[in-house]
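*Asks:* Predicted coordinates and the sequence they were generated for:
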Amino acid sequence: MSLSRIYSGKVREIYAVDDDRLLMVTTDRISAFDVILAEPIPHKGRVLTAMTVHWLDALSDLAPSHLVSADPSQFPEGADEIEGVAGRGMLVRRAQMLPIECIVRGYLAGSGWKEYRSSGTLHGTALPAGMRQADRLPEAVFTPSTKATEGHDLNISFDDAVEMVGKETAFAARDLCVEAYRRAHDAAEAQGIIVADTKFELGFIDGRLSICDEVLTPDSSRFWPSDEWEPGTNPPSYDKQPVRDWLESSSWDKTPPPPRLPAEVVQATSERYVTAYERICGRRLSDWYG
Ligand SMILES: Nc1ncnc2c1ncn2[C@@H]1O[C@H](COP(=O)(O)OP(=O)(O)O)[C@@H](O)[C@H]1O
Ligand SMILES: [Mg+2]
């Protein structure tokens with residue numbers, strides 16, 4: 001029997017298995033400047049899946065997770081009809097997802113930098129004066145946002161998060177995510193990669209706050225090569241830079257449809273994803289399923 005697909009996101013396809021479980025499949029699709037490009041990036045889905053599994057394992061003493069298995073031999077009947085499921089599929093428990101995105105920032109970038117530049121604050125809290133774009137923050141900060149069903153997510157204060165999920169859950173989410181970020185930051189830094197910020201999605205499974213969705217991947221995090229990090233500038237993104245640079249040099253106005261990527265750009269990007277996994281996680285992609 002075929003599994004029924006219940007959701008198709010920008011990057012993931014989700015299939016219902018039963019009342020308790022889902023099969024999440026991460027495709028090779030890539031977006032840049034908020035537009036999904038026509039060309040898939042070889043191995044990207046495997047990289048994101050392998051990284052998520054690596055981190056869920058490394059963080060397993062901090063919190064339970066939604067992962068049941070990424071081993072294709074454990075997938076339910078019907079899964080083998082899904083193209084490329086081996087290496088890109090994860091069998092997970094269904095969770096009651098928190099209505100917030102749990103973002104942790106260790107550096108001043110993106111919307112955090114924008115806020116600081118206009119008001120000297122980060123999520124409403126004052127930061128030291130004179131900080132530059134991409135500067136490291138005095139300490140990692142939990143900066144939640146709402147999960148917008150359309151358009152951009154909205155940054156909210158910690159008090160807003162308390163309103164939305166309750167005090168106990170908000171504090172537990174903050175402590176868990178900040179500790180998980182710190183660990184990942186230190187592990188990646190030793191490999192020459194800075195995790196500037198990352199987004200976790202948490203949910204309740206059997207009444208316990210659990211780590212769900214993707215974890216510490218290039219799509220949910222800002223990775224910078226340490227040797228190209230220069231406060232005062234916007235560091236290149238470790239994984240997507242070849243695509244961004246090429247698109248910037250084309251005459252594209254950043255509205256769909258995007259131009260076709262040349263094969264060399266696709267290839268260079270694929271290699272960056274594979275290297276990101278192999279460096280940060282210290283494993284070979286060829287040892288992963290698929
Ligand atoms: N264990 C889980 N149970 C239920 N929903 C989950 C679980 N893990 C992740 N999700 C949700 O599944 C979706 C993942 O699909 P994705 O392609 O990343 O979509 P999006 O474009 O919304 O980020 C997200 O809405 C995420 O909140
Ligand atoms: Mg997502």
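*Replies:* Arrived safely. Ligands and ions are numbered 1, 2, ... in the order given.
*Asks:* which residues sit in contact with residue 269?
*Replies:* If you count contacts by Cβ atoms under 8 Å, 6 or more residues apart in numbering, residue 269 has them with 30, 41, 239-240, 242-243. Yep, even glycine has a C-beta here, placed from its N, CA and C like the rest.
*Asks:* Tell me the first helix or strand C-terminal of the host helix or strand of residue 101.
*Replies:* Assigned by DSSP states H and E, residue 101 belongs to strand 100-107. With elements assigned by DSSP H and E, the helix or strand that comes after strand 100-107 is helix 110-119.
*Asks:* between that following helix and strand 100-107, how many degrees?
*Replies:* Counting by axes from the mean of the first three to the mean of the last three Cα atoms, to 10 degrees, helix 110-119 lies at 70 degrees to strand 100-107.
*Asks:* Write out the residues of the stretch 1-150 of the chain neighbouring ligand 1.
*Replies:* Residues of the stretch 1-150 of the chain lying close to ligand 1 (Cβ under 6 Å from any ligand atom) are 9-12, 14, 22, 66, 92-95, 97.
*Asks:* Show me how to select, in ChimeraX, the buried members of those.
*Replies:* The ChimeraX command for the buried members of these (criterion: 16 or more other Cβ atoms under 10 Å) is given here:
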select :11,12,22,66,92,93,94,95
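*Asks:* about what we covered before: report all helices and strands that the strand holding residue 101 contacts.
*Replies:* Judged by 3 or more Cβ pairs under 8 Å, 6 or more residues apart in numbering; DSSP states H and E, strand 100-107 is in contact with strand 136-142, strand 145-146, helix 158-165, helix 167-189, strand 193-205.
*Asks:* which regions of the stretch 101-250 of the chain lie under the pLDDT threshold?
*Replies:* Low-confidence segments of the stretch 101-250 of the chain (pLDDT under 70): 149-151.
*Asks:* Helices of the chain, residue ranges please.
*Replies:* Applying DSSP state H to the chain gives helices spanning 44-58, 110-119, 158-165, 167-189, 241-249, 263-281.
*Asks:* Quick check: which of those is buried the most?
*Replies:* Neighbour counts (mean count of other Cβ atoms under 10 Å) averaged over each of the helices of the chain peak at helix 44-58, with a mean of 23.
*Asks:* Alpha carbons of that helix, as PDB, please.
*Replies:* Output of helix 44-58 as PDB, limited to C-alpha atoms (Å, rounded to 0.1, in the frame of the first residue of the first chain):
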ATOM      1  CA  LYS A  44      21.800  17.800  -0.400                       C
ATOM      2  CA  GLY A  45      18.900  15.700   1.000                       C
ATOM      3  CA  ARG A  46      21.200  13.100   2.300                       C
ATOM      4  CA  VAL A  47      23.500  15.700   3.900                       C
ATOM      5  CA  LEU A  48      20.600  17.300   5.700                       C
ATOM      6  CA  THR A  49      19.300  14.000   6.900                       C
ATOM      7  CA  ALA A  50      22.700  12.600   8.000                       C
ATOM      8  CA  MET A  51      23.400  15.900   9.800                       C
ATOM      9  CA  THR A  52      20.100  15.800  11.700                       C
ATOM     10  CA  VAL A  53      20.700  12.300  12.800                       C
ATOM     11  CA  HIS A  54      24.300  13.000  13.800                       C
ATOM     12  CA  TRP A  55      23.100  15.900  16.000                       C
ATOM     13  CA  LEU A  56      20.100  14.100  17.500                       C
ATOM     14  CA  ASP A  57      22.500  11.400  18.600                       C
ATOM     15  CA  ALA A  58      25.100  13.900  20.000                       C
END
